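Q: I'd like to go over a predicted model; first the sequence, then the structure.
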Amino acid sequence: MLKISTLLFTFSGFLLISACSEPHQSLTYEEFFKSSKALNWFAISGNTHADDGGVAKFKAMPFDEGYLKSRHRLLHSVDMAVLSEEHRNSINYLKIQERYPERFFAWSPHLDVLARADRVVSQDSLNSWLMLVLARLREGYESKVILSRLERAQLLKYLTQSDYDSKEKQALVQYLSEYKVRSGIGLYQLPNGKEWYQSKLNFYSGQTHDPHELAAFLSAKTDAVDEPVESNINNIGLRLPAILQITSSYCEAKSGLNWRDSYVDVEHTLANCYQYIPLSDLKVLTVLAEVDLGIHLYAWSQRQAMHRLQSRLALNDALAHALLNNIAFHPATNMAILPYIKASSKL
């Protein structure tokens, strides 16, 4: 993986070229990939510290105006004619996501942006971004784009566990401490939330699904589980979707274009290793898919989702809660398992 400083140099070069040329410069796949990773430096694993020529001079923070404009420019500058079908699908999916209200959530709860940005960007840049997060949350509230209790708790956890301190950080902590969350934990409750989830479901599963038929199908599969399934899951983090963490021991991650999946192509990764997924993990992923659909489309409560997880899987409270957070923060990503659930004769 390229160092962040190299990625940022690549992206800075792209911006310079763009400023001196036509608005829609045609980018190759490689140019788009490197520039996208540079723009989304906060989502890349590895060392976040940089020398004077690296990240410290980079101004775009997640979902600030510079970021939004640069992301749009990149997505509409790549030469689609030279891409493979799977890469075209990814670019089209990322373009569709621009339509939905995620811009109000400048801080994605699956990433500890504060920890990654501290001592990497300037304090002024970081403090300005913290104020942007607060301002976007206020704007979102007016538009009924409201955090769930899980999202609010996770952002507060990042803030209160950080050694970084400033009046801007404290202002955000104070705001979130008094913030009134929405009643549910899924996308269905947000403006155009059901449509947003449907676009994700179609992308990750590789086909269009009727939600009612899919709910009945998954319910029948999980109802057939006689007793809680034992699995080798010991720990689930937030940065990667659960499906990649659960299959990591027998699936080699394939490169992708979506920063939210840490530049792993979930569908392509599974397509190259599905035959190695043991039945126990296939059952686990089936339950996760059902809970995913339940909370994001059918208004399942946190209690209902936790009960489903622990009645079908052998999980303690901590691990069940970690899985629930992961499902909530990575909507529909677990649906990449659907083709293999349908193809299995053992479930």
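A: Received the coordinates, thanks.
Q: pretty sure Ser177 contacts Leu159?
A: No: contact criterion C-beta atoms under 8 Å: Ser177 and Leu159 do not qualify, at 9.7 Å. Placement of C-beta: from N, CA and C, glycine included.
Q: ok, the residue lying closest to Leu83 once chain neighbours are set aside - contacts?
A: Leaving aside its chain neighbours, Leu83 sits nearest to Tyr29 (5.8 Å; criterion: C-beta to C-beta, 6 or more residues apart in numbering). Going by C-beta atoms under 8 Å, 6 or more residues apart in numbering, Tyr29 touches 78, 82-83, 87.
Q: returning to what we had before: Ser177 and Leu159 - which one has more neighbours?
A: The residue with more neighbours, out of Ser177 and Leu159, is Leu159; 20 against 11, by other C-beta atoms under 10 Å.
Q: Give me the local confidence score for the closest residue to that one other than its chain neighbours.
A: Leaving aside its sequence neighbours, Leu159 sits nearest to Val173 (C-beta to C-beta, 6+ apart; 5.1 Å). Here the pLDDT value assigned to Val173 is 98.
Q: In terms of helix, strand or coil, where does Val173 fall?
A: The three-state label for Val173, taken from DSSP: H, G, I helix; E, B strand; the rest coil, comes out as helix.
Q: Can you verify my assumption that it contacts Leu156?
A: Yes: applying C-beta under 8 Å as the test, Val173 and Leu156 come out as touching, 6.9 Å apart.
Q: Flag the shaky bits of the stretch 51-200 of the chain, pLDDT-wise.
A: Scanning the stretch 51-200 of the chain for pLDDT under 70 picks out the ranges 51-59.
Q: So for the protein, which residue is the most central one in space?
A: The structure's the chain has its C-alpha centroid closest to Arg260; by C-alpha atoms, centre = their mean the separation is 3.6 Å.
Q: can I assume that residue sits in a helix?
A: Yes: checked against three-state DSSP, Arg260 lies within a helix.
Q: tell me the contacts of it?
A: Here Arg260 is in contact with 43, 108, 110, 330 (C-beta under 8 Å, 6+ apart).
Q: Find the nearest non-adjacent residue to Gln123, please.
A: Ser166 (7.0 Å).
Q: next one: Ala106
A: In space, Ala106 is closest to Phe63, 4.0 Å off (C-beta to C-beta, 6+ apart).
Q: separation between that neighbour and Arg116?
A: 15 Å (C-beta to C-beta, to the nearest Å).
Q: ok so, going back, on the pLDDT front, check the residue nearest to the centre of the chain for me.
A: 96.
Q: just Ser231 next, same as before
A: Ser231 is given a pLDDT of 79.
Q: how about it, what does it touch?
A: Here Ser231 is in contact with 246, 280-281, 284, 313-314 (C-beta under 8 Å, 6+ apart).
Q: Same question for Leu111.
A: 42-43, 238-239.
Q: Let me know whether the residue nearest to Ala106 touches Glu98 as I believe.
A: No: Phe63 lies out of contact with Glu98 (C-beta under 8 Å); the separation is 11.3 Å.
Q: higher neighbour count, the two?
A: Higher neighbour count among Phe63 and Glu98: Phe63, with 20 against 13, using other C-beta under 10 Å.
Q: Wait, a helix at the more buried one?
A: No: applying three-state DSSP, one finds Phe63 to be coil, outside a helix.
Q: ok, it to Asn325 distance?
A: Computed as C-beta to C-beta, the Phe63 to Asn325 distance reads 21 Å.
Q: swap in Gln198?
A: 22 Å.
Q: So those two - more neighbours on which side?
A: Asn325 (21 against 18).
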